[in-house]
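Engineer: Got a predicted structure plus its sequence, pasted below:
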Amino acid sequence: MADSAATRPLKIITGADSFGCDLKDALVAHLKSLNIEVEDLGTSSYYSVAAEVGRRVSSAAKSSSPTPVETRGLVACGTGVGVAMMANKFPGIFAATCLSTSEALNARSINNSNVLAVSGMSTPPQSAIEILDTWLNTPFKSPCPASGSKPWPEDIASFLDNSMTEMPKIGAQIPSEEESSNCSICCLVKSRELGPIDIIPGGSMKIVRETPTSAFVRFKAGSVEPAHHHTFGHDLVVLEGKKTVWNLSKKERFDLAVGDFLFTPAGDVHRVQYHEETEFFIKWDGHWDMFFDEDLETAKKAIEKESENGPKYEWTMLSG
């Protein structure tokens, strides 16, 4: 442990929750006795203060200053686990919860830990000071309990070096729009061809299961489904776009957006308008059929009249 913290520029950013504040204060006093610069963010909930420590240490690691001061973090809570998890949300942060000097040696040697997390409930101040000193003064890749207290073999040392550049990349790349969708239903529809619905202009559909029927349906912006009903009730989930459904049987109106769900009972007469290109997944309780209760021109006139005079029925907002 020859690389003493007192011989190099070092700054510690620290914070704790109410369960770790006393231990944090004891460690801050010790750091100041070593003439180490300390920025104490005080006491707050573990997720907010630890996240701020992680954010600041992460920002400091990206600094392009020609003579950078090494910046590390020190966080404390009841167990030391929650604060470590929150600090690790930021790129380039390697926060480790250490309950012994051996763990501090391993964390620095193997992981080049730059944020130390300690437990206010299970670690007394003197033990925590020993853990902190070990963590401060142990260089990356130095002998540690995990290496049998011997220098790391060349191949493992090379692996550890590479891990420092590879690990921060995990999750850093922004996926393409196609890759970013984690919705199972959306993934199912990406490569499917939807055929036109001949009886409704602007609509297309792909049936993926028959009786009970499941399908993906898409409508162009401005499309209208005239009032109609089905033999069976159906559920739908909006995947993209916005639509309005009037249940004329029940005198209800639903404004649907992405993620909204609607069930329409069997036999209920309903009219639909699509405000933008809209795609949804729909499931009928039985086979798919469609019986019109008005023609397209009548439907459009009814929608225009409502637009001029205000909603005929009270809106039911499903978003959020």
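Structural biologist: Great, that's in hand.

Engineer: low-confidence ranges in this protein?
Structural biologist: For the chain, the stretches flagged by pLDDT under 70 are 1-8, 46, 63-68, 170-193, 311-320.

Engineer: so what does the longest helix seen in the chain touch, helix or strand wise?
Structural biologist: Longest helix in the chain by number of residues (criterion: DSSP state H): helix 46-61. Of the remaining helices and strands, those touching helix 46-61 by 3 or more CB pairs under 8 Å, 6 or more residues apart in numbering; DSSP states H and E are strand 10-16, strand 37-43, strand 70-77, helix 81-87, strand 115-119. Heads up, the C-betas are built off the backbone N, CA and C, glycines and all.

Engineer: Mark out where each domain of this protein begins and ends.
Structural biologist: 5-169, 184-317 (automatic domain parsing).

Engineer: Does residue 276 touch residue 221 like I think?
Structural biologist: Yes: Residue 276 lies in contact with residue 221 (CB atoms under 8 Å); the separation is 4.6 Å.

Engineer: Mind listing the shared neighbours of those two?
Structural biologist: Jointly contacting residue 276 and residue 221 under the rule CB atoms under 8 Å, 6 or more residues apart in numbering are residue 241.

Engineer: residue boundaries of the helices in this structure?
Structural biologist: 21-33, 46-61, 81-87, 101-111, 125-137, 154-166, 177-180, 184-189, 296-309.

Engineer: Ok, which of those helices comes nearest residue 13?
Structural biologist: helix 46-61 (5.1 Å; CB to CB).

Engineer: got the angle for the closest one vs strand 10-16?
Structural biologist: Comparing the axes of helix 46-61 and strand 10-16 via axes from the mean of the first three to the mean of the last three CA atoms, to 10 degrees yields an angle of 160 degrees.

Engineer: Now helix 46-61: buried residues?
Structural biologist: For helix 46-61, the neighbour count (16 or more other CB atoms under 10 Å) marks 46, 49-58, 60-61 as buried.

Engineer: returning to that earlier point: redo the helices of the chain as a markdown table? Include distance to residue 240.
Structural biologist: Formatted as a markdown table, those follow (distance: least, CB to CB, whole Å):
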| stretch | distance to residue 240 |
| --- | --- |
| helix 21-33 | 48 |
| helix 46-61 | 33 |
| helix 81-87 | 34 |
| helix 101-111 | 43 |
| helix 125-137 | 50 |
| helix 154-166 | 36 |
| helix 177-180 | 12 |
| helix 184-189 | 8 |
| helix 296-309 | 21 |
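
Engineer: Give me whichever of the ones you listed is most buried.
Structural biologist: helix 81-87 (a mean of 24; mean count of other CB atoms under 10 Å).

Engineer: Could you name the helices and strands sitting against that helix?
Structural biologist: Other elements packing on helix 81-87 under the criterion 3+ CB pairs under 8 Å, 6+ apart are helix 46-61, strand 70-77, strand 95-97, strand 115-119.

Engineer: Now do it: everything it contacts.
Structural biologist: 16-17, 20, 46-47, 49-51, 53-54, 57, 73, 75-77, 93, 95-97, 115, 117.

Engineer: ok, 7 Å please
Structural biologist: Contact partners of helix 81-87, identified using CB atoms under 7 Å, 6 or more residues apart in numbering, comprise 46-47, 50-51, 53-54, 73, 75-77, 93, 95-97, 115, 117.

Engineer: Between all of these, which two are at the greatest distance?
Structural biologist: Pairwise over the contacts of helix 81-87, using CB to CB, the maximum falls at 47 and 96, 17.9 Å.

Engineer: Excluding residues flanking it in the chain, which one is nearest residue 199?
Structural biologist: Nearest residue to residue 199, sequence neighbours excluded (CB to CB, 6 or more residues apart in numbering): residue 290, at 6.8 Å.

Engineer: and what of residue 218?
Structural biologist: Of all residues not flanking residue 218 in the chain, residue 279 sits nearest, at 4.5 Å (CB to CB, 6+ apart).

Engineer: For that neighbour, name its beta-bridge partners.
Structural biologist: residue 218, residue 240 (DSSP bridges).
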